[in-house]
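**Student:** take this sequence and fold it.
(chains A, B and C)
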Amino acid sequence: MARPVSARSPHTSPRRLSARFFRRPADELARALLGKTLVHADRRGVIVETEAYLGPEDLASHARFGATERNRVMFGPGGIAYVYLCYGVHEMFNVVSGSAGQAGAVLIRALALPGPGRDPSLARGPGKLTRALGLSRAHNGLDLARDERLYLAPGRAVPAAEVAVGPRVGIDYAGDWAAAPLRFWVADHPAVSRPPRSRRGRRGSGAGPAR
DNA sequence: GCGGGGATTAACT
DNA sequence: GTTAATCCCCGCG
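**Tutor:** As a prediction, the model looks like this:
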């Protein structure tokens, strides 16, 4: 049965992001996902750091190989989960961007977990947040606009002044693409990933964590 | 088939 | 700063 409809317009507060939200290029989607809530069953966290991975032209993107068994969901419509294993150890969670035929995805790199006194390090880093939310390759290919357990919910809007931009992490092999400004994060947020021992490093004029 | 290496992390020296 | 852990993708022959 239908749940009770709120007294106000049911359209002012959608429970989840719908398919059309994801139909934009990866760099735009990476920016737009900041502040949104990633939900898996009873666990959730607010996205505070993302990276955009573009199509075959992006030498850091899995799409650079063309469509393969592993990355094929990147070539499909936006809003699909792309989850893969990295270094044989860590599951990496991505949101596919764009329309079918336009390869791209957004890597979720850090979440702010709810609850006062929650250790911010638990979801700081792409490998750690999948563990915190219980995500794995079993979720690869799920439709985030329709799945009952895994989806994205609207959160607070992040003002443009609070969004920092910089190069992506861990892709030094990618030539000129290594310097592309495709990493986005909430400036000064404690859950944003950074090297374990460089927390004393100077943050050049709020440009963000040194890396 | 084989071999190199990776969108990372934690635990070393 | 350096390195192990640990799996499997991808290119090549």
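
**Student:** in stretch A:168-187, what's buried?
**Tutor:** For stretch A:168-187, burial by neighbour count (16 or more other CB atoms under 10 Å) applies to A:Arg168, A:Val169, A:Ile171, A:Ala174, A:Trp177, A:Ala180, A:Leu182, A:Arg183, A:Phe184, A:Trp185, A:Val186, A:Ala187. Yep, even glycine has a C-beta here, placed from its N, CA and C like the rest.

**Student:** residue contacts, the fourth one?
**Tutor:** The one in question is A:Ala174. With contacts defined as CB atoms under 8 Å, 6 or more residues apart in numbering, the neighbours of A:Ala174 are A:Asp58, A:Leu59, A:Ala60.

**Student:** ok, now the first one?
**Tutor:** Contact analysis of A:Arg168 by CB under 8 Å, 6+ apart lists A:Glu51, A:Ala52, A:Ala60, A:Ala178, A:Ala180, A:Leu182, A:Arg183.

**Student:** picking that back up, among the buried residues of stretch A:168-187, which are within reach of DNA strand B?
**Tutor:** With the criterion set as CB under 7 Å from any atom of the strand, the members of the buried residues of stretch A:168-187 near DNA strand B are A:Arg168, A:Val169, A:Ile171.

**Student:** next one: phi and psi at the first one?
**Tutor:** Backbone torsions of A:Arg168, given as degrees, to the nearest 10, read phi -70, psi 160.

**Student:** filter the contacts of A:Ala174 down to the buried ones.
**Tutor:** Neighbour counting by 16+ other CB under 10 Å classes A:Asp58, A:Ala60 among these as buried.

**Student:** and the contacts of A:Ala174 near DNA strand B, which?
**Tutor:** Here is what survives when the contacts of A:Ala174 are matched to DNA strand B using CB under 7 Å from any atom of the strand: A:Ala60.

**Student:** for the contacts of A:Ala174, which one is nearest A:Phe22?
**Tutor:** A:Asp58 (18.0 Å; CB to CB).

**Student:** ok, that closest one touching A:Met74?
**Tutor:** No - in this structure A:Asp58 lies outside contact range of A:Met74 using CB atoms under 8 Å: 10.7 Å.

**Student:** from A:Met74, how far off is the residue lying closest to A:Thr68 once chain neighbours are set aside?
**Tutor:** Distances taken as CB to CB, 6 or more residues apart in numbering place A:His62 nearest to A:Thr68, at 8.0 Å, with adjacent residues excluded. Noted for A:His62: a distance of 6 Å to A:Met74, by CB to CB, to the nearest Å.

**Student:** go ahead and confirm A:Arg64 touches A:Leu54.
**Tutor:** No - here A:Arg64 does not reach A:Leu54: they are 9.3 Å apart, not a contact under CB under 8 Å.

**Student:** is the closest residue to A:Arg109 other than its chain neighbours in a bridge, and if so with what?
**Tutor:** In space, and not counting its chain neighbours, A:Arg109 is closest to A:Glu49: 4.0 Å by CB to CB, 6+ apart. Taking DSSP bridges as the rule, A:Glu49 bridges to A:Ala110, A:Trp185.
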